[in-house]
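[1] only geometry, no sequence info:
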């Protein structure tokens, strides 16, 4: 494929997965007056289910991505961080899928009223990946028109894009599907691989396993260049990037690291502090 044609195809795919960019100038102001403050698409609610109001607290802070850990128990998908916290009442449906479906219906087809860009629902599989994913897929099928789908390699955007993280064994049944209602969360080892962005739209990895800098003092230039190289490579392939295990205690080191991540073009900032990240992103607006 010619380079120009490849770039055009990646641009089209990125638009399908991420949705439209912020409107410029007067259009953006008019949209904000009509629909409220703009969503913070770079904000990712790590372990979202641990907040007092799972999903709703993140949406109240305008986050563009939320994360739920799931365990397969019988034919139920229970949401918890550790097995000792499992509660039959806290299912993926009750905490996420049903509320999202109701909100999308109320907002005439979108999570955030007047904005067609999908919310990212990162689903972290904690039990054996293959069996858990197959049960998850059965659950997702019950929510017609809610999820972005990929049919025979072509992406069809929906109000919510489900991305599957956690146990790596989920990859095998996902790759065997010709129609999927979910996408795969890759690792840095997947960067530059053969899998297309229509299968791996997101590259996530542990910050502390790849970088030594935690926000104190200057960012080592070699690490800054490595970070920016990762972002360039992912974006050239139509993929987005997220790091977990970044510092999350309020203070100058966290702000310094978040600032470097934004400058490098990282697509999602990972946090448990919804208020803190909302304030930071409002003070550092990006497209």
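    Sure, I can see it. Remember, predicted model here, so these are calculated numbers, not experimental data.
[2] now the terminal residues of stretch 89-98, how far apart.
    Chord length of stretch 89-98, first to last residue, is 13 Å (Cα to Cα, to the nearest Å).
[3] likewise for stretch 65-85?
    Using Cα to Cα, the end-to-end distance of stretch 65-85 comes to 23 Å.
[4] what comes up buried for it?
    65-72, 76-80 (16 or more other Cβ atoms under 10 Å). For the C-beta atoms, the positions are set from N, CA and C on the backbone; glycine is no exception.
[5] longest strand in the chain, please.
    Taking DSSP state E as the criterion, the chain has its longest strand at strand 63-73.
[6] ok, residues contacting the helix or strand just after that one?
    Remark: after strand 63-73, the chain's next helix or strand is strand 76-79, criterion DSSP states H and E. The contact list for strand 76-79 (Cβ atoms under 8 Å, 6 or more residues apart in numbering) reads 49, 54, 68-71, 86-88, 90-93, 95-96, 132, 135-136, 139.
[7] show me which of the residues you listed are buried.
    Buried among these by 16+ other Cβ under 10 Å: 49, 54, 68-71, 90-93, 95-96, 132, 135-136, 139.
[8] now the buried residues of stretch 65-85 as CSV including distance to residue 176?
    Below are the buried residues of stretch 65-85 laid out as CSV (distance: Cβ to Cβ, whole Å):
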residue, distance to residue 176
65, 26
66, 27
67, 25
68, 24
69, 24
70, 20
71, 23
72, 19
76, 24
77, 20
78, 26
79, 26
80, 28
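[9] farthest-separated two in these?
    65 and 76 (24.3 Å; Cβ to Cβ).
[10] rewinding a little: which two in the buried ones among the contacts of strand 76-79 are spaced the farthest apart?
    Farthest apart among the buried ones among the contacts of strand 76-79 by Cβ to Cβ are 54 and 135. That separation is 20.2 Å.
[11] can you show me the strands along the stretch 151-287 of the chain?
    154-156, 160-166, 179-180, 183-186, 202-206, 240-244, 269-271 (DSSP state E, counting those that start in this stretch).
[12] for the ones you listed, which one sits closest to residue 219?
    Counting by Cβ to Cβ, residue 219 lies closest to strand 240-244 out of the strands of the stretch 151-287 of the chain; the figure is 13.8 Å.
[13] and for that closest one, what's in contact with it?
    17-18, 44, 46, 65, 201-207, 210, 230-231, 234-235, 261, 265-268, 270.
[14] keep only those of the contacts of strand 76-79 that are in strands.
    68, 69, 70, 71.
[15] contacts only, for the third one.
    With contact set as Cβ under 8 Å, 6+ apart, residue 70 has these partners: 77, 78, 79, 92, 123, 124, 125, 126, 127, 132, 136, 166.
[16] tell me the predicted confidence for the second one.
    Read it as residue 78. Here, the pLDDT recorded for residue 78 equals 98.
[17] beta partners of it?
    On the basis of DSSP bridges, residue 78 is bridged to residue 71, residue 91.
[18] wait, is residue 108 part of a strand?
    No - Residue 108 is assigned coil when assessed by DSSP: H, G, I helix; E, B strand; the rest coil, not a strand.
[19] thinking residue 233 is in contact with residue 192, fair?
    Yes - contact criterion Cβ atoms under 8 Å: residue 233 and residue 192 qualify, at 6.0 Å.
[20] compare those two (neighbour count), which wins?
    residue 233 (15 against 11; other Cβ atoms under 10 Å).
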